[in-house]
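Chemist: Can you look at this prediction? I've put the sequence above it.
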Amino acid sequence: MLDRRSFLAAGAAALTLAALGRPSSVRAAAGLKLGEPGAFSFDALAASAKSLAAKPFEPGDPLPRDVLDRIDYEQHGKIRFDTDYALFRDGPGVFPVTFFHLGRFFQVPVHMHVLEPDADRFVAREILYDPAYFDMPADSPAHELPKGAGFAGFRFQEPRNGDASKLDWHTNDWVAFLGASYFRAIGELYQYGLSARGIALDVAVPDRPEEFPIFTHFYFEPPKDGGDSVTVYALLEGPSITGAYRFVMQRDHAVRMDIETRLFLRRDVARLGLAPLTSMYWYSETTKPTEVDWRPEVHDSDGLALWTGGGEHLWRPLNNPVGATASAFVDRDPRGFGLLQRDRDFNDYLDGVHYERRPSLWVEPLHDWGAGSVQLIEIPTDDEIHDNIVVLWVPEAPARAGNAYHLRYRLHWNADEPYPTTLARCVATRRGRGGQPGQPRPQGVIKFMVEFLGGPLAGLPFGVKPEAVLSAASGTFSYVFTEAVPNGVAGHWRAQFDFTPAGPGPVDLRLYLKNGDETLSETWLYRFESV
């Protein structure tokens, strides 16, 4: 990855980083060592990214691998940033910034810069790494890193003027950028969970390794006093791509991010994933291998929700497949999509890590994205430590070297999707053996029980049953009926059916509920894999 010298040289014409003379004291960066100032703007950062894309990728000089490898999980956990050195500790704004240290799992140095107003522009000054910023044991391998090694990432702390008895800013953060182009935020329920990424390249493409570009430089704009938002800029670099990003992040009851990115391809990409989301799904009430784990369910997200350009609301429960699978939902100008955690009952997890509090993450395009597809990648996992779910927007046109992309979108880190349908929503998908109790169970027949809740179902007249509308490209349905779930909850219904596949291979099932000509529910989709 580019070191600071090569970055400045590559972007000198566009970024004009000549010394401008030191500004007066910097309240924002009190206690931090800063480099020389240079002019900055988002347009200039994008021009620099474009210039870099026209040249071969040049990784920077690596740090000592033997030292980084010795900063393993245990050693890394003993290194803590000293909040006395937090950026914006005393303002402006209310959200201090702290930094992550490098280590075995985060080996590429990331350069941090603070922006300072200078007339009608900003100047950028690099925050120079110093081990004194971190509390670490005297025998920590981190002491052996060279001067100016850099940081691994950063996080914004909770408001410094907040109620410390509830959320002490010294120990609680609300957004974190760490590793490649990954970042995440807490939702309304004060939990981290799934992640977003700046870009995803060639995820699950046969015979082609996935590429993980990296945010190599971040720029922190001084926030406004009294505001609830922060602005950060980033440079992205990888063998196949460069990019400039602007993040405007708001912290209130949850977290909202407005993202603008300008991307430039160095070489062809088979699967270009824009606005990607990454999560973990091991198992849920749908299927659970026998005695695989003591907990009823384990997942950060349980389904993909889509609001199509045509206005249809779709729900696709997640799977833990036998082999990596890709599902494409073709669309034009989607209104939104996201990975949601709909199951909010602690008793369905029984785990102190509180999966029931994990945030849902919704992507809202802020302009027309044109033709493409929301693609869902599901990768097998046998543990909860792996992020095995990826969702991304893939433009219809091939991603060729020299292509440029300008994208704007909003991320909502909430408990639920921000624009829920007024129709009944799917709340559970259950599977079992087909056939009827007391009779021989036919081989290869799967029984489904799909539950819907709310919307028009709550107002159905007594004695009226919704109709289950089913379809599949192949296979047959039998024993189809609907009934109210016998729990006394108004508007809680389930559709039951048996499905007999026509043969081995995947088939997509589709279901919704109606009453006459009235649609009552969102559309349930399910990828069934017959072996």
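Modeler: Yes, it's here. Residues are numbered from 1 along each chain as shown.
Chemist: So for the longest helix anywhere in the chain, what gets flagged as buried?
Modeler: When the chain is parsed with DSSP state H, its longest helix is helix 42-53. Judged by neighbour count (16 or more other C-beta atoms under 10 Å), helix 42-53 contains these buried residues: 42, 44-53. Quick note: C-beta positions are derived from backbone N, CA and C, even for glycine.
Chemist: Relative to Gly153, how far out is Phe183?
Modeler: According to C-beta to C-beta, to the nearest Å, Phe183 stands 8 Å off from Gly153.
Chemist: which neighbours do these two share?
Modeler: Common contacts of Phe183 and Gly153, defined by C-beta atoms under 8 Å, 6 or more residues apart in numbering, comprise 176-177.
Chemist: the more surrounded of these two?
Modeler: Phe183 (25 against 21; other C-beta atoms under 10 Å).
Chemist: Okay, and that one sits in which element?
Modeler: strand 182-185 (DSSP states H and E).
Chemist: following that strand, which helix or strand shows up next?
Modeler: strand 195-197.
Chemist: Quick one: residues in contact with that next one.
Modeler: 180-184, 273, 275-279, 361, 387, 411.
Chemist: Direction included, what does that strand pair up with?
Modeler: The strands that strand 195-197 pairs with in its sheet are strand 182-185 (antiparallel), strand 272-279 (antiparallel) (by DSSP bridges).
Chemist: Mind listing what's buried along it?
Modeler: Buried, per 16+ other C-beta under 10 Å, within strand 195-197: 195-197.
Chemist: any chance of these in JSON lines, plus pLDDT and distance to Gly454?
Modeler: Output for these, formatted as JSON lines (pLDDT from 0 to 100; distance: C-beta to C-beta, whole Å):
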{"residue": "Ser195", "pLDDT": "98", "distance to Gly454": "29"}
{"residue": "Ala196", "pLDDT": "98", "distance to Gly454": "28"}
{"residue": "Arg197", "pLDDT": "98", "distance to Gly454": "32"}
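Chemist: out of those residues, who's nearest Val248?
Modeler: Ala196 (14.4 Å; C-beta to C-beta).
Chemist: mean confidence for the very next helix or strand once past the longest helix of the chain?
Modeler: The C-terminal neighbour of helix 42-53 among helices and strands, as given by DSSP H and E, is helix 65-70. Averaged over helix 65-70, pLDDT sits at 96.
Chemist: Heading C-terminal from helix 65-70, find the next helix or strand.
Modeler: helix 73-77.
Chemist: I'd like to know which elements that next one is packed against.
Modeler: Packed against helix 73-77 by the contact rule (3 or more C-beta pairs under 8 Å, 6 or more residues apart in numbering; DSSP states H and E) you find no helix or strand.
Chemist: Just the element for Leu314, please.
Modeler: Per DSSP H and E: strand 313-317 holds Leu314.
Chemist: can you put the buried residues of strand 195-197 in TSV and add distance to Pro380?
Modeler: Below are the buried residues of strand 195-197 laid out as TSV (distance: C-beta to C-beta, whole Å):
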residue	distance to Pro380
Ser195	19
Ala196	23
Arg197	20
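Chemist: Give me the contacts around stretch 482-498.
Modeler: So stretch 482-498 is contacted by 424, 427, 434-435, 445-455, 457-460, 465-468, 470, 477-481, 511, 513 (C-beta under 8 Å, 6+ apart).
Chemist: List just the nearest of the contacts of strand 195-197 to Asp228.
Modeler: Closest to Asp228, out of all of the contacts of strand 195-197 and judged by C-beta to C-beta, is Leu411, at 16.0 Å.
Chemist: Test my guess that that closest one contacts Val248.
Modeler: No - Leu411 is beyond contact range of Val248, at 10.7 Å (criterion: C-beta atoms under 8 Å).
Chemist: circling back to that earlier point, mind checking the strands paired with strand 195-197 for the one nearest to Pro334?
Modeler: Closest among these, once you apply C-beta to C-beta, is strand 272-279, at 10.2 Å.
Chemist: what's the average pLDDT for that closest one?
Modeler: 98.
Chemist: Show me what the following helix or strand past that strand is packed against.
Modeler: The helix or strand immediately downstream of strand 272-279 is strand 281-283, counting by DSSP H and E. Where contact means 3+ C-beta pairs under 8 Å, 6+ apart, strand 281-283 is packed against strand 298-299.
Chemist: I'd like the next helix or strand past the strand it packs on.
Modeler: strand 303-307.
Chemist: Show me the contact partners of that next one.
Modeler: 312-318, 329, 331, 334-340, 342, 362, 374, 376, 391, 417, 419, 421, 426.
Chemist: just the buried members of these?
Modeler: Buried members of the contacts of strand 303-307, scored by 16+ other C-beta under 10 Å, are 312-318, 329, 331, 334-340, 342, 362, 374, 376, 391, 417, 421, 426.
Chemist: Can you list which of those are found in strands?
Modeler: 313-317, 329, 331, 336-340, 362, 374, 376, 391, 426 (DSSP state E).
Chemist: in the stretch 1-150 of the chain, which ranges drop under the pLDDT threshold?
Modeler: Applying pLDDT under 70 to the stretch 1-150 of the chain picks out residues 1-27.
Chemist: Tell me who's in contact with Lys465.
Modeler: 482-483.
Chemist: pLDDT score assigned to it?
Modeler: 96.
Chemist: likewise the one 10 residues further on?
Modeler: At Gly475 the predicted local confidence, pLDDT, stands at 96.
Chemist: what about it, how many neighbours?
Modeler: Using other C-beta under 10 Å: Gly475 sits among 16 other residues.
Chemist: Repeat that for Gly226.
Modeler: For Gly226, using other C-beta under 10 Å, the count is 9.
Chemist: can you confirm it is in a helix?
Modeler: No - counting by DSSP: H, G, I helix; E, B strand; the rest coil, Gly226 is not part of a helix but coil.
Chemist: quick one: it and Asn161, what's the gap?
Modeler: Counting by C-beta to C-beta, the separation of Gly226 from Asn161 is 10 Å.
Chemist: Could you do Tyr73 as well?
Modeler: 34 Å.
Chemist: ditto for His313
Modeler: In terms of C-beta to C-beta, His313 sits 40 Å off from Asn161.
Chemist: Of all residues in this structure, which one is nearest the centre?
Modeler: With distances taken as C-alpha atoms, centre = their mean, Ala196 lies nearest the centre of the chain, 2.1 Å away.
Chemist: Please name the bridge partners of it.
Modeler: The partner residues for Ala196, given DSSP bridges, come to Phe183, Leu277.
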